[in-house]
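[1] Here's a sequence, model it:
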Amino acid sequence: GEKAYADALKAEPARALAGLLTCLDPAAAGSDEVLRAQAATLFRRASVQVGPTEAAWSRAGMQFQQQARAMLLAALGAEPASTVRRILVAAIAAVAVAAIEQR
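    This next block holds a predicted model:
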């Protein structure tokens, strides 16, 4: 559950975040609004630095970050539910802030 997710974020942040991104596709089999909202929320939280530990997003690597930005924008364009779109916008904003802070 939560411990496995936290461990994955620490050990392999890009892989864990990529897993969340795959859940954002509304056309994917088994995808529903609740799942996409949860995945977007977890992605946003993993993109924000809380306390002294570096955010998973910052440790995921530049190549992954570039791909993830494109995937987030694509997910936003394809998302039919307004509640999930709002969460995706917050996730995109968190990623933008992280990019500014990395400079």
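[2] Which residue ranges of this structure form strands?
    With strands called from DSSP state E, the chain shows none.
[3] which one's the longest helix in it?
    Using DSSP state H to define each element, the chain has its longest helix at helix 82-102.
[4] Run a quick neighbour tally on the residue nearest to residue 23 when sequence neighbours are not counted.
    Spatial nearest neighbour of residue 23, excluding adjacent residues (CB to CB, 6 or more residues apart in numbering): residue 39 at 3.6 Å. C-beta: built from backbone N, CA, C; applies to glycine. If you count neighbours by other CB atoms under 10 Å, residue 39 ends up with 23.
[5] same question, residue 52
    5.
[6] how close does it get to residue 101?
    14 Å (CB to CB, to the nearest Å).
[7] for residue 75, same thing?
    23 Å.
[8] Who has more neighbours out of these two?
    Using other CB under 10 Å, the more surrounded residue of residue 75 and residue 101 is residue 75, with 23 against 10.
[9] and the gap between the closest residue to the more buried one other than its chain neighbours and residue 54?
    Sequence neighbours aside, residue 24 is the residue nearest to residue 75 in space, at 4.0 Å (criterion: CB to CB, 6+ apart). Residue 24 is 23 Å from residue 54, where distance means CB to CB.
[10] Nice, that's everything, thank you.
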